[in-house]
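A.B. asks: mind folding the following:
(2 chains)
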Amino acid sequence: MNHNCRTTKQTFLRRDFLLLAFLIIVIAPTLAAQQASDTMPADTVVADSILVARTPAPPISVTVQDLPNDAGGSIKVNWGLSPDDVAGGKARKYRILRAETIDGQRQEFTEIGDVTSGATEFIDGNATSDVEFYYKVMAVNFLSEDNETIWEATSKSDEAGPVKSSAQWFDWRRINVFVGVIVLCGFILYYINQAKAGKKLFIRKIAGLEAVDEAVGRATEMGKKIFYIPGTQDMDNVQTIAGVTILGRVAEMAAQYETWLEVPVSRSLVLVTAKEVVKEAYTKVGRPDAYQEDQVHYLTDDQFGYAAGIDGMVVREKPATIFYMGAFYAEALILAETGNSIGAIQIAGTAMPSQLPFFVASCDYTLIGEELFAASAYLSREPKLLGSLKGQDMGKAVILIAIVVGVLLETFGIWKLSNLFTVID
Amino acid sequence: MRREIPLLITGIVGIVFVLQYFIPHFPFNRMNAWFSDWFSIVAAFAIWLGALNLMKISFQKVFRRKSDWGYAVVIIMSFLLMAVVGFAEGKGFRDQGTAFDWLFQFVYTPLSATMFAILAFFVASASYRAFRARNFEATLLLLAAFLVMLGRVPTGDVLTGFMPEGMRLSAVASWIMNFPQTAGQRAIMIGIALGLVSTSLRIILGIERSHLGGGD
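C.D. replies: Residues are numbered from 1 along each chain as shown, chains lettered A, B, ... in the order given. This next block holds a predicted model:
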C-alpha cells in the first residue's frame, strides 16, 4: 500500500516536474517574447501591410536637363511634389537615384543624394560630361532614432532620361554685363578715335593733378626730396598699375627739375616695374645720367613694416613732397599723418573707399577713386588717353540716366528695372 | 621688340581674362586659377629681387657711411637673424616652440601690433583737423560726424530718450549712414568701376604703356 502510494506520489511528482519543465522550456519564452513585444515600441516590429500603409505616393513629372551656363558635369533634376508631401504627411524626404550608361549598357540605379520634403530640385554636380544618365526620384517616409533608421517606406517615380551634361560656350546669365562692357568699350574707343582725329575734348580740372607741378616745384625750391609711395599691393592690382603710371609722369618732372625722387616699394614686382619706369622717364627728358639705381628700392612686403620704414625715412629726411598713389589699407593714415607732421605737401590717390577719408583729412590734395585712373591721361594730355576719359564719362552718363529712370519706374512699381542689373558671381 | 612683346602678352592675357568671365567652357573656366598660380610662382621667385635689393642698398649705406647708416645695420642684422634661424630650423621652422616661432611671436608680432596701435592716435589727430568748422562743407562734416558718433553710443539715446523713437540719435546716426553716406560711397564706387574698365581697356589695347617703362 505504502509502496503503491509512493509510486503514485512519484508518478505525480514526475508529472509535476515534466509540467514545470514544459512551462519553463516552451511557455515561458513565448510569454516573455509576448511581454517583450508589448513593451517594445510598436514601430520596431512592422508588418509589410503596415509599411504599405505608411508608403508615400511617388513624386510626379520628373524632368531632367543639362544645367545651363556651366562648364559641364551638372544635371538638374526637377519633379512635382508627392501628393503626400504636406504638413505631417507621409513624404518626409526625397531620394535621387541615378543610373549611368557605360559602353551602351545601362547600369543599376544608385542613390546620389537626399533632399528634404518640399524640395522640387536637385543638382547632380557629379555627372560626367557627355555620358548618358537616367534618374528616378523616390519619396521616402521613415522613422529614425539616434540617427539610425528604424524603418523606411519608399515609392519611386517613373524614370527620366536619358540626359547628358555638356559645357556651354556662353554664360547667358551674364549677358547684361556683356552688353554693358560692349557699350562702355564702344564709347571709349569712339572717343579715342575722335581724339586721334584731332577733336578738342573738354576735361574738367582736377585740383590734385594741377598741384603735381607745384608740389614737384616746391621740393626743387626747398632742395629737398620727393617721396613717391605706390601703395602696398602687387602689380596684379590695377591701382598699383595706375600708381606706377603716374610715377612715370612725376619722374619726368623730377628729372627736369633735377630733384631727388625716392620710391620705396613693398613688392618685388613693383620694384622691377618702378625702376624701369623711372629710368625710362629720366631718359625721355634727356637726363639718363641723373638716374640712380637706389632711387627705387625695396623695403618689405609686410604692411606695418613698410609703414614703419617709410615713417622713419620721412621723419629723418623730411621730404618736401610726398605722393601716395595706389592701393592702401590701414597704413594709409599712419603714413599720411606722419607726412603731415613734418609739413610736407602731400598728394594722395586711391580707389579704396575706406581709406579715402583718411587721405582727405591728412593730405593737401586727394584723387578720389576714378581721378586716380584719370591721372595718367590728365598729366600726359595725350589725345588717345584723354579720349578714353571722355568715353568713361559717357558711360557714367548712361548709368546716371539708368539710375534716374530706374528710381522713377521702381517708385511707381511699373517695371523691375533693377533685375536687368543683377550680376551673377 | 622690347616693348612689343610685353604689349602683345598684356593684350592677349587681358582679352582672355575678359572672355573667361563670359565663357564657362574649358579651358576658359580654369584660366583664372592658372594665371593666379603663375602670378604666385613669379612673385615667389621675385621676392629674392626685393631681398637682394634691400641688402645691396643697406650694405652700400653702411660701407659708404651714408647718413643714418646705423639703421641699415639694424636691417641687415634683423634680416640675417630671421633668415639664418629660419633655415637652421629646417622644414618645421614655423612650428610652435622653434626659435623662429619665438622671434615671430615675441619680436615681430609686438612690433607689428605697435605700429597698428599708433593708428588710434593718428585717427584722433586727423579727426581733430578734419572736423574743424572752416567752411560750410567742413561744418556739415563736423555736424554729421558729431551725430553719428553720439548716435553710436548709448549716451545718444539717453540724451534724446524723450523724443519719438525714429528721431532719437541712434536713428539719426543710422539714417546718415544708410542714406547720404551709402549714396556718396556708391557714387564713388561707380566712378571707380568705370575708371577700372577704362584703364584696363587702355592697357589691353596698348594705349596706356607708361607702366612698361615709357611712352611710344
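A.B. asks: excluding sequence neighbours, find me the nearest residue to A:Ala195.
C.D. replies: Distances taken as Cβ to Cβ, 6 or more residues apart in numbering or on different chains put A:Gly387 closest to A:Ala195, at 3.2 Å, once the chain neighbours are dropped. (C-beta placed from N, C-alpha, C; glycine too.)
A.B. asks: now name the helix or strand holding that neighbour.
C.D. replies: Applying DSSP states H and E as the criterion places A:Gly387 in helix A:383-411.
A.B. asks: for that helix, enumerate the helices and strands it packs against.
C.D. replies: Under the contact definition 3 or more Cβ pairs under 8 Å, 6 or more residues apart in numbering or on different chains; DSSP states H and E, helix A:383-411 sits against helix A:175-196, helix A:370-380, helix B:182-204.
A.B. asks: buried stuff in the last one?
C.D. replies: Residues of helix B:182-204 classed as buried: B:187-188, B:190-204 (neighbour count, 16 or more other Cβ atoms under 10 Å in any protein chain shown).
A.B. asks: show me which of those residues neighbour chain A.
C.D. replies: B:188, B:190-192, B:194-203 (Cβ under 8 Å from any Cβ of the partner chain).
A.B. asks: any low-confidence regions in the chain?
C.D. replies: All of this refers to chain A. In the prediction, chain A carries residues with pLDDT under 70 at positions A:1-49, A:51.
A.B. asks: I was after chain B.
C.D. replies: Screening chain B residue by residue with the criterion pLDDT under 70, one finds the ranges B:1-2, B:211, B:213-216.
A.B. asks: hmm, back to that, now distance to B:Ile15 too, for the helices and strands packed on helix A:383-411, in TSV please.
C.D. replies: Compiled in TSV, the helices and strands packed on helix A:383-411 are given as follows (distance: least, Cβ to Cβ, whole Å):
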stretch	distance to B:Ile15
helix A:175-196	11
helix A:370-380	20
helix B:182-204	6
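A.B. asks: now for the closest residue to A:Glu293 other than its chain neighbours, how many residues are close by?
C.D. replies: Leaving aside its sequence neighbours, A:Glu293 sits nearest to A:Lys275 (Cβ to Cβ, 6+ apart; 7.8 Å). Number of residues near A:Lys275 (other Cβ atoms under 10 Å in any protein chain shown) recorded here: 21.
A.B. asks: still on that earlier bit, what residues sit buried inside the helix holding A:Gly387?
C.D. replies: A:383-396, A:399, A:406.
A.B. asks: from chain A, how far off is the residue lying farthest from the centre of chain B?
C.D. replies: Distance from the centre of chain B peaks at B:Phe162, with 44.3 Å (Cα atoms, centre = their mean). For B:Phe162, the distance to chain A (Cβ to the nearest Cβ, to the nearest Å) stands at 33 Å.
A.B. asks: which SS class is that residue?
C.D. replies: coil (DSSP: H, G, I helix; E, B strand; the rest coil).
A.B. asks: same check on A:Thr63?
C.D. replies: Reduced to three states with three-state DSSP, the structure at A:Thr63 is strand.
A.B. asks: quick check, central residue of chain B?
C.D. replies: For chain B, the residue sitting closest to the mean C-alpha position, by Cα atoms, centre = their mean, is B:Phe116 at 13.5 Å.
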